[in-house]
Every structure is written in C-alpha cells, then in structure tokens.
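Enquirer: Sequence first, then the predicted structure, then my questions.
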Amino acid sequence: MKIQDTLSDSEKELDITKKVRIYLCGVTVYDVSHIGHARTIIVFDTLRRFLEASGANVEFIQNFTDVDDKIIKKANESGESAEIISNKNIQSYFEDFNRLNVKAATEYPKATEHIEDMINLIQNLVDKDLAYVAKNGVYFHVSKFPNYGKLSKKKISDLESGARVEIDESKDNPLDFALWKFSNELPNWNSPWGNGKPGWHIECSAMSIKYLGEEFEIHGGGRDLIFPHHENEIAQSESFTQKPFAKIWMHAGMITINGEKMSKSVGNIKTVNNVLENWGPNVIRLFCLSGHYSKPIDYTENLLKENLVKWRQLETCYYELRLASDSDSVNSELNDFIAQLTKIKQNFDTALENDFNTPLALTEFFNMIKIINGLASEENITKPIATQVMPILEKMLEILGLNVIKTTDDEIESIFKLLEKREELRKSKQFDEADNIRTQISDMGIYLIDHKNKTLWMKKEKINSDAN
RNA sequence: GGUGAGGUGGCAGAGUGGUUAUGCGUGGGCCUGCAAAGCCUAUCUAAAGGGGUUCGAUUCCCUUCCUCACCUCCA
C-alpha cells in the first residue's frame, strides 16, 4: 500500500510481504484520554487491522510517557506519588481503549522503565560530541545535526528568529533541547552527569530502537508532534545509529471543536469516557474514520448523529444476514449479486491501500450495506446468499474494528417464544396485546422489523444519545 | 513574523483536465394494523475572489482574501 510520508512529502510504498514495524507515540499519562487521543489511536489501530487482514506481520509498539512535569505537578499537589498517578491514568487508558475495541499493542513500554537505555543513548551522543553537559542538564547540539528541521520543514535561522523560543543562557544555542534534566525532586535517577530525569524526546528514540531496531517502517503520532518531538527524535536517533530512522512518518490530524484544536490547555476536551457513555464505541470509531486521517475533524453532535444512523443501518444489515430465511432457493441473480459485493470489497481495499483513505472506504462499505438492506426489505436474502455475504461483511467489520452486539442462546429462545405469541395475536388482530409483547421484547434490547412474511429481530447497541 | 496544510452544494466528504462521487438532511410516494427499517422519486443545479494556461478547470499555474496547525506542553 501507499502512505503519505511527512518527511519526504511524498507517497511511499509499504511492502506488506515483509514485517511491518510500527511505533506510535502514545499518551502522556497526566490525565485521562480525550477524544483527540482516541482519533489518533483509532486511526493507527485500524491501519494495523487492515495490514493484518492483508496478510502482513505487524509489530506494533506504543509507549506511555510516565515521566513529565505535569505528572510531577499533580503529584506535588495531591500528595500521591507520580507513579501512582501515572498508573491510575494508564489503567483508565486501558479501560477506555478496550471499550473502543483497540487491539493490544505488541508492547506498551514506559519511559520510567527504560532509563538505562536512554542513558546509554545519551552517553553515545556525548561521546560523539553531539551533546554537551551544561548547568541544567545535558543538551543536544542542534547545529551539529545536518538538516535539522527536515521533518517539520523549518530552518534553524527561522526558529532562532521566532520569539517563542525560551532563552536559557546556559545553553550553547537556544534551540538545543534537553536529553537529560538535572533535578533532585522526585522522581529522579542517577546518571553519569548527575541526578535527574530524561528529556521528553529521548524516550521514544531509546524505546523504538530497542523494540523495533534502528530502522523500521512507520513512525506515527498526531500532527502536533511533528515539531519539536519527532524532529528531535530524528536528530537523536540518526546521530546515534548513523542510519535513516523511520521509513515513513505518518501523522494524524487533530480533533477540533468549533475549528479549534481540542486540548487540555484550551479547556475544550471531551473525554473518551464521556463520549463512550453517550455514543458507544462503534459510533466513535466511525466518527474517527469519517474523514481522511491527515485532516482535522470537527467534533459536533451532528456528525456523531450521522454516524449513529449509519451504525443502525449496519446493525440491521448484520441481523438480516444472520436471520436469513431457511429457503435454499437459489436466486438466479445470486452470482451477479455476489460479484457486485466482491467488487465493492475490492474498492474498499483499494481505497485503504491508497494512503489509507477511510472516508472513501466507508462510502464503499455503506454502499454495500444499502444494497444488502434493499434486498432484505424485499425478503430476498436467502441462506445461500447470507452464507456467502456474511464472511465479506465480517471481514470488513474486523478491519474497521466494529462489533455488532450478539445475542445469547437463552435470549434467542425466549425471543422466539414471544415472537410466536405476538404473531398469533397479530393474526387475530389483537394489536394491543401484540404491541405489549413488542414492548416487552424491546426491554430486552431487542427491536423488531416486520417484513411482509416474517419479522426480523435484532439486538441493538444501547446508545444514550439515541433519541429512541 | 516564519513554516506547513487547507478553503467543494444546508451539513459531512472523496475523486477527477471534459461524462458534475457518496452519505446525511429535507419534500413527496410505496410498504405497515401501528411502528421501525427499507425501497422509489425529487430537492439543493457545489467549488472563497480575481487573473492565466487550455478547445475545455472544481481539478494545473499566479495572485488576493480567509481558516487551521506548528514555531511552548500537546495525539
């Protein structure tokens, strides 16, 4: 497949017959995750699912930054240790993202568990005279790295003239960034240069190299990490290995609210937990994939609602196939129909292979749903059709990470009894009684669709924001 | 100020040098005991403004305007 690479500003071919190693910059665990984090993580989770469905062997590493000034500040305010705060947020991370049906990464390395690796890396840079020890810490010599700024397309001279660079007299150059910061405050670690803690960027260099090797296929994260985080990672890593670092730099766009980036500091965040409560995991996944990954998505109730409607259509489709009539009669147009759906699946794959165009892929996907539901409304979904179509649909659901609510055998049994009773009542035109049963069934989370000759039942996901 | 990405119909959102995706919404109809879902049909006749290249531009080039992001922690 082809993926747009931020570094070369061009589409790069990804060979899926070889191992695909992905490093995703995860979250800093100073607080719970918001929907902006979820967008990036869902994009990469879906990419990973697509690659695996295409036969690739994927190794997926996602870090937790658990040493950070905001965590320390919280620790000082609350009296709890930084470690406890980090662990709490890591726990809620897993609660949130398990609910979002995000597959587990191969490893979730934590910064605090890789201090030695970072120190080794820094030592190497100091030995090469690419880093130096100053009053407040160990810094990287930006001027000694050729093409510093190549990822973010920034020039050192432009950065220097920018008024926003913090001036620290002890540094050789204001742009030099910290590899190690001296500190006696907890948490801190011993190092050859003095007690302290690592700079932010060094963890990702150390951990990506440790788990994936000196060169790997994809390094991902949000667009806001391009500078300085990923820029600095490149400088450190390539200075250390003397090799090109990641082959493809892939960046996800921001979630905005009223066109403004969602972030804790602006104070316009929607937490994952909160949005899950209102909309559930499937609608959120569809929402996050409804725009191209590289572009921003504006968070609005309307857009969520739109995806809720689509989700309901999908649930209907799934149950129509599952409860296909037992008739073995083979529709003469069966082959044409299957060919049509197979073509759609191909278009779906092609869209994803072309820089992971999820909005286009979803268009194809819902095109398929529409066709199946159309056939279903005419009661033309027979077992032979369902048997062939269901695997295609399930494969797409797996790639998209969507989960239709399933029913238990017990539920099915009691539903059948109630349905039979309702059918009798309807036939004898005792509609009030029949409607009572429908209500009773809907209390079980089961919804009915009366076709001409049969009643479709389906278990719908309970979604609080659903008006019904 | 610098750098980058954009500005597509009521909204969302792709592709494309010429046959003007798709979805949502909205109107009407069909189906239904009712409902829901679905179907049919219609609707909006879209490309920020101005130049240019071209037989022809939403798509290429220039320019103006606007928006967002990054330049500080950030997914």
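Expert: Great, that's in hand.
Enquirer: alpha carbons only for contacts and neighbour counts from here, please
Expert: Noted.
Enquirer: how about the helix or strand encompassing A:Leu362: buried residues?
Expert: Element membership for A:Leu362, per DSSP states H and E: helix A:358-377. By neighbour count on 16 or more other CA atoms under 10 Å, the buried set for helix A:358-377 is A:358-366, A:368-370, A:372-373, A:376.
Enquirer: Around RNA strand B, pick out the residues from the stretch 301-450 of chain A.
Expert: Residues of the stretch 301-450 of chain A found near RNA strand B (CA under 7 Å from any atom of the strand) are A:302-303, A:306, A:309-310, A:312-313, A:316, A:357, A:359-360, A:363-364, A:366-367, A:370-371, A:373-378, A:426, A:431-432, A:434-435, A:448-450.
Enquirer: Show me where chain A has its helices.
Expert: Under the criterion DSSP state H, chain A contains helices at A:35-53, A:69-78, A:82-99, A:115-127, A:156-161, A:202-212, A:231-241, A:272-289, A:301-322, A:334-353, A:358-377, A:383-400, A:409-427, A:431-443.
Enquirer: which of those has the lowest average pLDDT?
Expert: With a mean of 76, helix A:156-161 has the lowest mean pLDDT of the helices of chain A.
Enquirer: Alpha carbons of the helix holding A:Leu362, in PDB - could you do that?
Expert: In PDB, the C-alpha atoms belonging to helix A:358-377 read as follows (Å, rounded to 0.1, in the frame of the first residue of the first chain):
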ATOM      1  CA  THR A 358     -11.000   5.700   5.200                       C
ATOM      2  CA  PRO A 359     -13.800   8.100   4.100                       C
ATOM      3  CA  LEU A 360     -13.800   6.600   0.700                       C
ATOM      4  CA  ALA A 361     -13.600   3.100   2.000                       C
ATOM      5  CA  LEU A 362     -16.600   3.800   4.300                       C
ATOM      6  CA  THR A 363     -18.500   5.100   1.300                       C
ATOM      7  CA  GLU A 364     -18.000   1.700  -0.400                       C
ATOM      8  CA  PHE A 365     -18.800  -0.100   2.800                       C
ATOM      9  CA  PHE A 366     -22.100   1.700   3.300                       C
ATOM     10  CA  ASN A 367     -22.900   1.300  -0.300                       C
ATOM     11  CA  MET A 368     -22.700  -2.400   0.300                       C
ATOM     12  CA  ILE A 369     -24.900  -2.100   3.400                       C
ATOM     13  CA  LYS A 370     -27.500  -0.300   1.400                       C
ATOM     14  CA  ILE A 371     -27.600  -2.900  -1.300                       C
ATOM     15  CA  ILE A 372     -28.000  -5.700   1.200                       C
ATOM     16  CA  ASN A 373     -30.700  -3.900   3.100                       C
ATOM     17  CA  GLY A 374     -32.500  -3.200  -0.100                       C
ATOM     18  CA  LEU A 375     -32.600  -6.900  -0.900                       C
ATOM     19  CA  ALA A 376     -33.600  -7.700   2.600                       C
ATOM     20  CA  SER A 377     -36.500  -5.400   2.500                       C
END
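Enquirer: Which secondary structure elements does that helix sit against?
Expert: helix A:301-322, helix A:334-353 (3 or more CA pairs under 8 Å, 6 or more residues apart in numbering; DSSP states H and E).
Enquirer: gap between the spatially closest residue to A:Glu433 that is not a sequence neighbour and A:Leu419?
Expert: The shortest distance from A:Glu433 to any non-neighbouring residue, by CA to CA, 6 or more residues apart in numbering, is to A:Leu425 (6.8 Å). Between A:Leu425 and A:Leu419 the computed distance is 10 Å (CA to CA, to the nearest Å).
Enquirer: Which one of the two is surrounded by more residues?
Expert: Of the pair A:Leu425 and A:Leu419, A:Leu419 is the one with more neighbours under other CA atoms under 10 Å, namely 20 against 17.
Enquirer: Please list all residues in contact with the residue nearest to A:Ile209 when sequence neighbours are not counted.
Expert: Here the nearest residue to A:Ile209 in space, its sequence neighbours aside, is A:Glu215; by CA to CA, 6+ apart that works out to 7.5 Å. A:Glu215 sits next to A:209, A:243-247 when contact means CA atoms under 8 Å, 6 or more residues apart in numbering.
Enquirer: Among those residues, which ones are in strands?
Expert: When these are checked against strands (DSSP state E), the matches are A:246-247.
Enquirer: Just the buried ones among the contacts of A:Glu215, please.
Expert: Buried residues within those, counting neighbours by 16+ other CA under 10 Å: A:209, A:245-247.
Enquirer: about what we covered before: which one of the helices of chain A lies closest to A:Trp457?
Expert: Of all the helices of chain A, helix A:301-322 sits nearest to A:Trp457, with 7.4 Å by CA to CA.
Enquirer: So which other helices or strands are in contact with that closest one?
Expert: If contacts are counted by 3+ CA pairs under 8 Å, 6+ apart, helix A:301-322 sits against helix A:272-289, helix A:358-377, helix A:383-400, strand A:455-459.
Enquirer: Now do the buried residues in it.
Expert: Of the residues in helix A:301-322, A:304-305, A:307-308, A:310-311, A:314-322 count as buried by neighbour count, 16+ other CA under 10 Å.
Enquirer: just stretch A:206-219 next, same as before
Expert: Across stretch A:206-219, burial judged by 16+ other CA under 10 Å covers A:206-209, A:211-212, A:214-219.
Enquirer: Using a markdown table, lay out these together with distance to RNA strand B.
Expert: Formatted as a markdown table, the entries for these read as follows, by distance: CA to the nearest atom of the strand, whole Å:
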| residue | distance to RNA strand B |
| --- | --- |
| A:Ala206 | 15 |
| A:Met207 | 15 |
| A:Ser208 | 15 |
| A:Ile209 | 18 |
| A:Tyr211 | 19 |
| A:Leu212 | 19 |
| A:Glu214 | 21 |
| A:Glu215 | 20 |
| A:Phe216 | 18 |
| A:Glu217 | 18 |
| A:Ile218 | 14 |
| A:His219 | 11 |
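Enquirer: could those go into CSV alongside distance to A:Lys110?
Expert: What follows is those, written out as CSV (distance: CA to CA, whole Å):
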residue, distance to A:Lys110
A:Ala206, 11
A:Met207, 9
A:Ser208, 11
A:Ile209, 14
A:Tyr211, 12
A:Leu212, 15
A:Glu214, 19
A:Glu215, 20
A:Phe216, 20
A:Glu217, 21
A:Ile218, 20
A:His219, 17
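Enquirer: show me what contacts A:Leu121?
Expert: Taking CA under 8 Å, 6+ apart, we find A:Leu121 in contact with A:206, A:240.
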